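Undergrad: Predicted coordinates and the sequence they were generated for:
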Amino acid sequence: MPIPPDSRLRLVQGDITSRPVTAIVNAANSSLLGGGGVDGAIHRAGGPQILEECRHLRERLYPLGLPTGKAVATTGGKLPAKVVIHTAGPVWHGGHQHEAEELASCYQSCLKIAAGRQSESVAFPGISTGIYGYPKKEAAAIAVREVRQFLSENEFPQVVEFVVFDDESRRIYERELA
Ligand code: AR6
């Protein structure tokens, strides 16, 4: 009997860079060259090897930048996670510029990469919910919906963690997962 997908979901409060999972997701940007927020934290903690691989991927595959909603994987460098999956989330413009579809696409792209590598566990931050201004409740609903859907159809990743930084985000995810 397949394991029900929600037994494969975890909610964790804290810093995603310290998660002992197979892969962590980076809320990056199209340049793939780093930034603030969780992106800055991942590059600081993981060291220069991550940026080096990002530069190569950008030159080889995305000279015009990683399209919004797509994802690419690099080493985890010095992180506990072996892999970082970088995705470019949508900037919130009020909700009528395909933000919801693009955010859903971020989750799908990351999960496909993780499944393709038979990754045991993946940790997601709240993509787009910081500097990019996506409303946290709407973003969490999309995150949970997309992950549940994917897990119901795929064996890998076996476990998905939602990693939240602040109490408000934790409460929002608790309600979504209830
Ligand atoms: N661990 C877990 N969650 C975190 C951490 C952390 N260490 N740091 C922040 N968050 P953001 P975005 C949460 O702004 O909105 C960058 O400059 C944070 O509370 O990192 O997708 C990129 O280069 C929020 O809920 O990403 C892009 O240019 C969530 O992570 C741009 O920001 C995402 O916040 C992307 O903006």
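TA: Great, that's in hand.

Undergrad: Before we move on, what's the pLDDT of Gly77?
TA: The model reports Gly77 with a pLDDT of 98.

Undergrad: typed the wrong thing, it's Ser119
TA: 98.

Undergrad: Would you agree Val84 falls within a strand?
TA: Yes - applying DSSP: H, G, I helix; E, B strand; the rest coil, one finds Val84 inside a strand.

Undergrad: Can you show me the helices along this protein?
TA: 37-46, 48-61, 99-116, 136-153, 167-177 (DSSP state H).

Undergrad: Tell me which other helices or strands the second one touches.
TA: Based on contacts counted as 3 or more Cβ pairs under 8 Å, 6 or more residues apart in numbering; DSSP states H and E, the elements that helix 48-61 packs against are helix 37-46, strand 71-75. Bear in mind the C-beta positions are built from the backbone N, C-alpha and C, glycine included.

Undergrad: Just say which of those is most tucked in.
TA: strand 71-75 (a mean of 21; mean count of other Cβ atoms under 10 Å).

Undergrad: sorry, back to before: can you say which of the helices of the chain is nearest to the ligand?
TA: Proximity to the ligand (Cβ to the nearest ligand atom) singles out helix 37-46 among those, at 2.1 Å.

Undergrad: Hey, what's the angle from the closest one to strand 71-75? Just curious.
TA: Orientation check (axes from the mean of the first three to the mean of the last three Cα atoms, to 10 degrees): helix 37-46 against strand 71-75 gives 20 degrees.

Undergrad: what pairs with the residue sitting nearest the centre point of the chain across the strands?
TA: For the chain, Val25 is the residue whose C-alpha lies nearest the centre (Cα atoms, centre = their mean; 3.4 Å). Here Val25 sits in beta bridges with Ile85, as judged by DSSP bridges.

Undergrad: Figure out which of the helices of the chain is closest to Pro20.
TA: The closest of the helices of the chain to Pro20 is helix 37-46. By Cβ to Cβ, the value is 13.1 Å.

Undergrad: Can I get the helices and strands packed on helix 48-61 in CSV including distance to the ligand?
TA: Listed next are the helices and strands packed on helix 48-61 as CSV, based on distance: least, Cβ to the nearest ligand atom, whole Å:
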stretch, distance to the ligand
helix 37-46, 2
strand 71-75, 13
